[in-house]
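Visitor: attaching a predicted model along with its sequence, questions to come.
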Amino acid sequence: MRVLVTGASGFVGQRVVQELLRNKHEVVVLTRNIAKSALNLGSHCKFVQWDAVSVPSQQAFEGVEAVINLMGEGLADKRWDDAQKRRIHDSRINGTHLLIKAIADMPKKPKVLVSASAVGIYGNRDAEEITEASTTGSDFLATLCKEWEAEAFKAKDLGLRVVVVRTGVVLGRGGGALKKMLPVFKLGAGGPIGNGKQFMSWIHVDDLASIYVEAVTNPVIVGAVNGTAPYPATNKEFTKALGKALHRPAFMPVPAFALKAAFGEMSSVLLEGQRVLPKKIKEQKFRFHYPTLEMALKETAY
């Protein structure tokens, strides 16, 4: 199958491309910087230039049967001032809109669109167990994700099967949440955030990449899918497990007021939580390689 991927140079995108190639799929990458993408992803992909502010070229879609949309400004890249929130919003909503517009103009359309979303759509829910059928929230992230998904679901009207993957905290070597956390924990200065009771819905990046490929190839999967591991953990449990994996103490709490001062509104992502369960993907007998936090951190913490 020929699969077109946006956001392929990111931490998750690179693993998704690797998993597609491992499963013998052809990969077309839409990218702003062909040289950089080729360096990151290797010579086995086809690269097509796209500035993400205009409709992508029809040439990019020749022979494409599936589209994986991973584009978006990193949530933790900068403090959330109004300008950054606008960049976070526009990089997702406008980019997805342009992608759907290109598909709409195609005489022969792909069969499926798998587009990124996030568990932030559910809002702060404390210890409540959340599945794909749960209600959504109303804060900035929840509203953003709802708009993002709404753009993706417009492809349904074009005859495509649409899947949105609501991703949790992504763990893996060389990127994701651990990239910023590991230096602090290696110094023995890590610890719970706030009261530590908030749930973290996490997933290993290799399992997430496999979920994307499963969503592309399994015609039964439709609509929202929670891209999380089956056993979410509280922040306190997470920091304890990370300290253990690194053989370092992890008892120095980070007070809520310090996070709010440092990160502003973005601190809510760290201080609030969701206990999200991957009900739909488990119903498909999907096999997690890293179902427990201990297994994931043993592989990623180094």
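Guide: Ah, there it is. Just so we're clear, the structure is a prediction, and the values are computed from it rather than from any experiment. Residues are numbered from 1 along each chain as shown.

Visitor: mind listing what's buried in stretch 193-202?
Guide: Neighbour-count burial for stretch 193-202, counted by 16 or more other CB atoms under 10 Å, picks out Ile193, Gly194, Gly196, Gln198, Phe199, Met200, Ser201, Trp202. C-betas here are computed from N, CA, C, even on glycine.

Visitor: from the chain's centroid, how far away is it?
Guide: When C-alpha coordinates are averaged (CA atoms, centre = their mean, to the nearest Å), stretch 193-202 and its chain have centres 19 Å apart.

Visitor: kindly export it (C-alpha atoms) in CSV.
Guide: The C-alpha atoms that make up stretch 193-202 are tabulated as CSV, following Å, rounded to 0.1, in the frame of the first residue of the first chain:
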residue,chain,number,x,y,z
ILE,A,193,4.3,17.2,39.9
GLY,A,194,1.8,19.0,42.2
ASN,A,195,0.1,16.4,44.4
GLY,A,196,1.1,13.6,42.1
LYS,A,197,-2.5,12.1,42.1
GLN,A,198,-3.3,13.2,38.6
PHE,A,199,-3.4,10.3,36.1
MET,A,200,-1.0,10.2,33.1
SER,A,201,-2.2,8.3,30.1
TRP,A,202,1.0,7.3,28.4
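
Visitor: sorry, back to before: how about TSV for the buried residues of stretch 193-202, with pLDDT and secondary structure added?
Guide: Below are the buried residues of stretch 193-202 laid out as TSV (pLDDT from 0 to 100; DSSP: H, G, I helix; E, B strand; the rest coil):
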residue	pLDDT	secondary structure
Ile193	83	strand
Gly194	83	coil
Gly196	89	coil
Gln198	92	coil
Phe199	94	strand
Met200	92	strand
Ser201	94	coil
Trp202	94	strand
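
Visitor: can you give me the strands for the stretch 151-300 of the chain?
Guide: Along the stretch 151-300 of the chain, the stretches classed as strands by DSSP state E, counting those that start in this stretch are 161-167, 169-171, 199-200, 202-204, 223-227, 233-234, 275-276.

Visitor: columns distance to Ala38 on top of the ones you listed, output as JSON lines?
Guide: Shown next, in JSON lines, are these (distance: least, CB to CB, whole Å):
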{"stretch": "strand 161-167", "distance to Ala38": "26"}
{"stretch": "strand 169-171", "distance to Ala38": "24"}
{"stretch": "strand 199-200", "distance to Ala38": "35"}
{"stretch": "strand 202-204", "distance to Ala38": "26"}
{"stretch": "strand 223-227", "distance to Ala38": "27"}
{"stretch": "strand 233-234", "distance to Ala38": "38"}
{"stretch": "strand 275-276", "distance to Ala38": "35"}
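
Visitor: nearest to Leu144, out of the buried residues of stretch 193-202: which one, please.
Guide: Ser201 (17.1 Å; CB to CB).

Visitor: if I look at that closest one, how far off is Lys240?
Guide: Ser201 is 17 Å from Lys240, where distance means CB to CB, to the nearest Å.

Visitor: show me the shaky parts of the stretch 101-250 of the chain.
Guide: 189 (pLDDT under 70).

Visitor: try it again at 50.
Guide: Regions of the stretch 101-250 of the chain meeting the criterion pLDDT under 50 are absent.

Visitor: which residues in the stretch 201-302 of the chain form helices?
Guide: 205-217, 235-246, 256-263, 267-271, 279-283, 293-300 (DSSP state H, counting those that start in this stretch).
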